[in-house]
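Q: Quick one: sequence and predicted model below, then my questions.
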Amino acid sequence: MEKSFEEQVNEMKKVFYIQQQYRFVLKQTSAKERIVKLKRLMKVILENSEAIQEAIYKDFRKPHEESLLTEILPVISSIKYTMRKLSKWMKPKRVKTPISHLGSKSLIRREPRGVSLILSPWNFPFQLAIDPLVYAVAAGNCVILKPSEFSPNTTAIIKRVVESVFEQKEAAVFEGDYRTAERLLELPFDNIFFTGSPAVGKKVMAAAAKNLTTVTLELGGKSPVIIHSSADMEDAAKKIVWGKTVNAGQICVAPDYLFIPREKETEFISLFKKYVNRFYGDMSEKESQKYTSIINKRHFDRIKAMVEDAVKKGASIPVGGDFYEDANIITPTLLTGVPWDSDIMEEEIFGPVLPIIPYDNLDEVYSYINSKPKPLALYVFAKDKRTVKDVMNNTESGDIAVNNVVIHVSNTNLPFGGFNNSGIGKTHGYHGFMAFTHERSVFEQGRINTVETFYPPYKSSTKGLIKRMMKYI
């Protein structure tokens, strides 16, 4: 018998308070004990790989190959990398102690934040739920995970995977819609890790503020691409087509709009069409086509409305522009002559539509990008290294990739995350571990306590000693 919403809320509270008690047990676990759990998690994921791929396909027709590449491979990579590095990450770090504290020693302990809430999105429903879970477990946290209601098949298998590896007092999964998330956010978690839109991120942060809970917000925004005249146009077009169409453009770091030298616009359009045809062929063959659908009709209609608004205001569609409502499929689409005041230039697209904006000099490009909220990613294609440096010096973004798009996310050695409107905090690799870790300062006084020299009552020599210390410290 299915539980009522209030019964689910009561269970969430029960699990939360059990985890609050158990957190002190997990806090004392060794790297070896945590690695055993990560190995078990990896084993269960690999055993259920086909079922995970099929669940994602049922949610939004994502090809199995794409699910392997973008959902399962990144998680396995994170687990293996974390297992190799965990002992080093957990080890207390000795730091220097100033001469004024002679006789003492100082270090930094890496401790779990405690009970963490992970709110994951639908666009990479498996990866973006399990990847932060890996780092939370590695850091010794108890976890409550709330996946997206828009990908119910994947959520069901996430629940199955987590329950086969962890007891509820360690990690628990709760299904449900926004109401479930809202009730979870009322609980005084020690840490929240949220992946989603800036609009919802603000609500998460507001809820966290009530309990002064630490947050990591992995958001999105409109990530621009700049093609310079020195770029290899064929190479740029191929990579941009892939980055804009993988997962049907439903990626927080997907290229959102493109600046291109005015004289290169026609060439790029031709090359874009060439690679769309090479990658996907006849897009009208929907049933056999290995191309991801838009997650649901609401998002399909949202993207379609933005394209219609741009066309109504004067934009043209030189490539694509096909909308198959029966399957929620939007073909890879280019827009030219897009007015600045069109909806598609204001909202994050989150779909396979790319506006092209011709430019005459880079200053006008910088002016536009810097007038908007800071993007999660920025991409520049150029062979000229001075131009690349100029772009870096004159723009701001969470991350930047040169002569490629999207794949910087897969490097676990790089911190990944936004900047202001596109996010707070970093994840992946060591930075993912630190998102769930509290650095606790430890000061240990030895037998000698030089600070006693400055205890009251102050002597005539005290002021002189302090001045000498200011000089030599």
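A: That came through, no problem. Residues are numbered from 1 along each chain as shown.
Q: pull the longest helix from this structure.
A: helix 5-27 (DSSP state H).
Q: So which elements touch it?
A: If you count contacts as 3 or more C-beta pairs under 8 Å, 6 or more residues apart in numbering; DSSP states H and E, helix 5-27 packs onto strand 104-112, strand 115-119, strand 142-146, helix 178-185. For every residue, glycine as well, the C-beta is placed using N, CA and C.
Q: could you dump the next helix or strand after it to CSV, C-alpha only?
A: Downstream of helix 5-27, the next assigned helix or strand under DSSP states H and E is helix 31-47. Provided in CSV are the C-alpha atoms of helix 31-47 (Å, rounded to 0.1, in the frame of the first residue of the first chain):
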residue,chain,number,x,y,z
ALA,A,31,39.6,5.6,4.9
LYS,A,32,39.7,1.8,4.5
GLU,A,33,36.1,1.4,5.8
ARG,A,34,34.8,4.1,3.5
ILE,A,35,36.6,2.6,0.5
VAL,A,36,34.9,-0.8,1.2
LYS,A,37,31.5,1.0,0.9
LEU,A,38,32.6,2.8,-2.3
LYS,A,39,33.7,-0.6,-3.8
ARG,A,40,30.4,-2.1,-3.0
LEU,A,41,28.6,0.9,-4.6
MET,A,42,30.7,0.5,-7.7
LYS,A,43,30.0,-3.2,-7.9
VAL,A,44,26.2,-2.7,-7.6
ILE,A,45,26.3,0.0,-10.3
LEU,A,46,28.2,-2.2,-12.7
GLU,A,47,25.9,-5.1,-12.0
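Q: buried set for stretch 104-116?
A: S104, R110, E111, P112, R113, G114, V115, S116 (16 or more other C-beta atoms under 10 Å).
Q: How about stretch 279-298?
A: So for stretch 279-298, counting by 16+ other C-beta under 10 Å, buried means Y280, M283, K286, Q289, Y291, T292, S293, I294, I295.
Q: Likewise for stretch 41-57?
A: L41, M42, V44, I45, N48, S49, I52, Q53, E54, A55, I56, Y57.
Q: which residue sits closest to the fifth one, ignoring its sequence neighbours?
A: Going back to what we said before, that points to N48. V161 (6.2 Å; C-beta to C-beta, 6 or more residues apart in numbering).
Q: Let me see the contact set for G417.
A: T216, E218, G398, D399, G423, I424, G425, K426, T427, H431 (C-beta atoms under 8 Å, 6 or more residues apart in numbering).
Q: State the pair within those that is farthest apart.
A: T216 and D399 (15.1 Å; C-beta to C-beta).
Q: The two: which is more packed in?
A: T216 (24 against 21; other C-beta atoms under 10 Å).
Q: did I read that right, the more buried one in a helix?
A: No. Secondary structure assignment (DSSP: H, G, I helix; E, B strand; the rest coil) places T216 in strand, not in a helix.
Q: Now do the contacts for it.
A: Here T216 is in contact with N191, I192, F193, F194, G417, I424, G425, K426, T427, A435 (criterion: C-beta under 8 Å, 6+ apart).
Q: Give the bridge partners for it, please.
A: Beta-bridge partners of T216, counted by DSSP bridges, are F193.
Q: returning to that earlier point: pretty sure the residue nearest to N48 is touching E47, no?
A: No. Taking contacts as C-beta atoms under 8 Å, V161 lies outside contact range of E47: 9.3 Å.
Q: Just the CA atoms of the longest helix of the chain, as CSV, please.
A: These are the backbone C-alpha positions of helix 5-27, laid out as CSV (Å, rounded to 0.1, in the frame of the first residue of the first chain):
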residue,chain,number,x,y,z
PHE,A,5,2.4,12.3,1.9
GLU,A,6,2.3,12.9,5.6
GLU,A,7,3.4,9.3,6.3
GLN,A,8,6.4,10.0,4.0
VAL,A,9,7.2,13.2,5.8
ASN,A,10,7.1,11.4,9.1
GLU,A,11,9.5,8.7,7.8
MET,A,12,11.8,11.4,6.5
LYS,A,13,12.0,13.0,9.9
LYS,A,14,12.5,9.6,11.5
VAL,A,15,15.4,8.8,9.2
PHE,A,16,16.9,12.3,9.6
TYR,A,17,17.0,12.0,13.4
ILE,A,18,18.4,8.5,13.2
GLN,A,19,21.2,9.8,11.0
GLN,A,20,21.8,12.7,13.4
GLN,A,21,22.7,10.1,16.0
TYR,A,22,24.7,7.8,13.7
ARG,A,23,26.8,10.7,12.2
PHE,A,24,29.3,10.3,15.1
VAL,A,25,29.8,6.6,14.2
LEU,A,26,30.5,7.5,10.6
LYS,A,27,32.8,10.3,11.6
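Q: average pLDDT for that helix?
A: Taken as a whole, helix 5-27 carries a mean pLDDT of 94.
Q: now it against strand 115-119, angle please.
A: Relative orientation of helix 5-27 and strand 115-119, computed by axes from the mean of the first three to the mean of the last three C-alpha atoms, to 10 degrees: 130 degrees.
Q: What score does T450 have for pLDDT?
A: Listed pLDDT for T450 reads 76.
Q: how many neighbours does it have?
A: T450, neighbours per other C-beta under 10 Å, totals 13.
Q: now swap in the one 5 residues further on and tell me
A: Residues lying near Y455 (other C-beta under 10 Å) number 9.
Q: Phi first, then psi, for it.
A: Y455 adopts backbone torsions of phi -70, psi 150, taken as degrees, to the nearest 10.
Q: So it versus N449, what's the distance?
A: Using C-beta to C-beta, to the nearest Å, we find Y455 at a distance of 9 Å from N449.
Q: How about N191?
A: Taking C-beta to C-beta, one finds N191 at 36 Å from N449.
Q: Which of the two has more residues huddled nearby?
A: Each of N191 and N449 has its neighbours counted (other C-beta under 10 Å); N191 has more, 24 against 13.
Q: Specify the local secondary structure of the residue lying closest to N394 once chain neighbours are set aside.
A: In space, and not counting its chain neighbours, N394 is closest to Y366: 4.5 Å by C-beta to C-beta, 6+ apart. Under the three-state scheme (three-state DSSP), Y366 adopts helix.
Q: related to what we said a few turns ago, cross the contacts of G417 against helices and list the overlap.
A: Short answer: the contacts of G417 in helices (DSSP H) are H431.
Q: so which of the contacts of G417 would you say is closest to Q19?
A: T216 (18.6 Å).
Q: how near is the closest one to L102?
A: T216 is 39 Å from L102, where distance means C-beta to C-beta.
Q: cool, and K463?
A: Here the criterion is C-beta to C-beta. By it, K463 lies 20 Å from L102.
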